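Student: How does the following fold in three dimensions:
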Amino acid sequence: MTTLKSSTFFMVLSGIIALVVGLICYTLLSKRNTVPSGSKEGFQGPAKGVSSIPCGQESSHVTEILDIFSDKMSTTEEGSPDLKEFKEIMSKMCCMKHDLMSSAQIVNSTLYIPYNNTHDRENPADTVARCFTKSMPPRDLDIIFGTWKNRGIALLHRLCTSYNLKDRETEKAVKHFTSLWSDVFDVAKGACSPTERAPEYGSPRDPKGFISADVEELGEYKGYY
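Tutor: Numbering: from 1, shown residues only. I've put the predicted structure just below:
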């Protein structure tokens, strides 16, 4: 009888130990993957899953703008397509910011964003790639962002009519869109523009050729050596 009780005790004890070990292993394994599911990300956070538009979590201004339209319906046929395009512009700027600030320094969030000739000067992924190679002239960057801003403001004014926005709502949307644009543009200017070239002649103390005053006034020599 004593042997049976001992065997039962050890079986119960073994079961408890196995359960505890299993819970510990599960906890350790579940904490190994700290990267959000989906595409590979840098350390700045996920590009998907936390906003109604791709990369929208990169700016609080996006949330403020989307809240304005969240409880409204378009009264015109053009309203829904205009709002879709406007969201695309915001998403492209946010995804560009996400890629440019990523520690991985790879074209990721903008890789599959579609090109739209209504507001894009080039494929957004190509723009980011040029930024990483520091081969983006400031003038090209000005044109790309200028087109996004002009088209975005034009769409907002059309959406004001389509969604019956009040004047203060329109002003608020324009203000937040402009702030979003300025924020991303500042990031892009720092990440995309080529570094300044060193002065052609270096420091004034560097050794360089010397031409005397009497020789400087002479014309080009065309004789024979």
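
Student: Now tell me which helix or strand of this protein has the poorest mean pLDDT.
Tutor: helix 213-216 (a mean of 62; mean pLDDT, DSSP states H and E).

Student: Pull out the buried residues from stretch 135-144.
Tutor: 136, 140-141, 144 (16 or more other Cβ atoms under 10 Å). C-beta here means a position set from N, CA and C on the backbone, and glycine is covered the same way.

Student: average pLDDT across that stretch?
Tutor: When pLDDT is averaged over stretch 135-144, the result is 90.

Student: shaky segments in this structure?
Tutor: Applying pLDDT under 70 to the chain flags residues 1-7, 9-10, 12-13, 25-51, 195-225.

Student: can you give me the helices in it?
Tutor: Remark: helices assigned in the chain by DSSP state H are 2-30, 60-69, 79-100, 124-132, 138-162, 167-192, 213-216.

Student: which two from the buried residues of stretch 135-144 end up farthest apart in space?
Tutor: Distances among these were taken as Cβ to Cβ; the most separated pair is 136 and 144, at 8.7 Å.

Student: shared neighbours, the two?
Tutor: residue 127 (Cβ atoms under 8 Å, 6 or more residues apart in numbering).

Student: of all the buried residues of stretch 135-144, which comes closest to residue 89?
Tutor: residue 144 (11.5 Å).

Student: so what's that closest one up against?
Tutor: 120-122, 127.

Student: number of nearby residues for residue 93?
Tutor: 28 (other Cβ atoms under 10 Å).

Student: Make sure it is actually in contact with residue 149.
Tutor: No. The pair residue 93 / residue 149 is not scored as a contact, 9.6 Å apart, by Cβ atoms under 8 Å.

Student: Name the residues contacting each of these two.
Tutor: residue 181.

Student: which one of the buried residues of stretch 135-144 sits closest to residue 99?
Tutor: Nearest to residue 99 among the buried residues of stretch 135-144: residue 136, at 13.3 Å, using Cβ to Cβ.
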